[in-house]
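Q: Only the shape, not the letters, is given here:
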């Protein structure tokens, strides 16, 4: 699907494509690639942090992936309207001490007319897990509730 098909107003197909593109970018763990999907003046709430602009997004993601090792993410479309998408997600990672974590969350996205995300609100909770409990596989199906 080309970029023109990922512009608002969204259809079910284009919303799914937008979510998959975001998942693919985040799984690259490349802060510049991820930040390129956001408007220059994007506004984020991520847990208790508030960011403004791509530069702050790049700095945030660089720090994130310095601490969240072997990060892997799965996003599922929850709902959409003309220029908004809601997703639920889970990602797994381990810290420098070897403890594995599963992070659960929801995101609300708002897009400008060019398809850049101008606002992202993320609510996230973390659960300590054992390595034997890993289950997040990018690009593969619906996420379990628990």
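A: Yep, that arrived. Model, not experiment: these values are computed from the prediction.

Q: Give me the below-cutoff pLDDT ranges for this protein.
A: Under the criterion pLDDT under 70, the flagged ranges of the chain are 1-5, 146.

Q: Please point out which parts of the top helix by length along it sit buried.
A: When the chain is parsed with DSSP state H, its longest helix is helix 12-28. Across helix 12-28, burial judged by 16 or more other Cβ atoms under 10 Å covers 14-23, 25-27. Heads up, the C-betas are built off the backbone N, CA and C, glycines and all.

Q: Helices of the chain, start to end?
A: Under DSSP H, the chain gives helices at 12-28, 31-35, 54-67.

Q: and of these, who's closest to residue 105?
A: Ranking the helices of the chain by proximity to residue 105 (Cβ to Cβ) places helix 12-28 first, at 12.1 Å.

Q: The longest helix of the chain - contacts with which helices or strands?
A: helix 31-35, strand 69-80, strand 84-94 (3 or more Cβ pairs under 8 Å, 6 or more residues apart in numbering; DSSP states H and E).

Q: Just the angle for it relative to strand 84-94, thanks.
A: On the basis of axes from the mean of the first three to the mean of the last three Cα atoms, to 10 degrees, helix 12-28 is oriented at 30 degrees to strand 84-94.

Q: Phi and psi next, for residue 30.
A: phi -110, psi 100 (degrees, to the nearest 10).

Q: Kind regards, and thank you for your time.
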